[in-house]
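Student: Here is my input; please provide its structure:
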Amino acid sequence: MRRLVLNIAMSLDGFIARKDGSYDWIDGHGTDKYDTVSQFDNQKFFRGW
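Tutor: Numbers count the residues shown, from 1 in each chain. Next up is the predicted model:
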């Protein structure tokens, strides 16, 4: 099975990027070393759909 890592963000007005295309308002760790796989069980996530 392939590993899938997905990060979804959206502002309250429904947009992701600013008019200039930047998305610097999204605050995060800034590294791919943060392991979200250990926090979420994708099998349970996809079964819930």
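Student: list the contacts for residue 16?
Tutor: The contact partners of residue 16, taken as CB atoms under 8 Å, 6 or more residues apart in numbering, are 9, 10, 23. (Glycine included, C-beta is placed from N, CA and C.)
Student: Oops, could you answer that again for residue 26 instead?
Tutor: Applying CB under 8 Å, 6+ apart, the residues contacting residue 26 are residue 9.
Student: and it, how far is that from residue 12?
Tutor: Per CB to CB, to the nearest Å, residue 26 is found 13 Å from residue 12.
Student: Kindly report the same for residue 22.
Tutor: To residue 12, residue 22 is 18 Å away according to CB to CB.
Student: Looking only at neighbour counts, state which of the two leads.
Tutor: residue 22 (9 against 5; other CB atoms under 10 Å).
Student: Quick check, pLDDT for the more buried one.
Tutor: Turning to residue 22, the model gives it a pLDDT of 79.
Student: try residue 1
Tutor: Reported pLDDT for residue 1: 76.
Student: Which strand or helix spans residue 21?
Tutor: Secondary structure from DSSP states H and E places residue 21 outside every helix and strand.
Student: All further residue positions should be reported with the first residue as 867.
Tutor: OK, 867 is where the count begins now, so the last one is residue 887.
Student: ok now do it, which residues does it touch?
Tutor: Taking CB under 8 Å, 6+ apart, we find residue 887 in contact with no residue.
Student: out of the contacts of residue 882, who has the most neighbours?
Tutor: Result: residue 889 is most packed of the contacts of residue 882 (other CB under 10 Å), 12 neighbours.
Student: in what helix or strand does the nearest residue to it once chain neighbours are set aside lie?
Tutor: Among residues not flanking residue 889 along the chain, residue 883 sits closest, at 4.8 Å (CB to CB, 6 or more residues apart in numbering). Residue 883 is part of no helix or strand when elements are defined by DSSP H and E.
Student: So residue 883 versus residue 868, what's the distance?
Tutor: 27 Å.
Student: Neighbour count for those two, which is higher?
Tutor: residue 883 (12 against 3).
Student: What pLDDT is listed against that one?
Tutor: Predicted confidence (pLDDT) for residue 883: 78.
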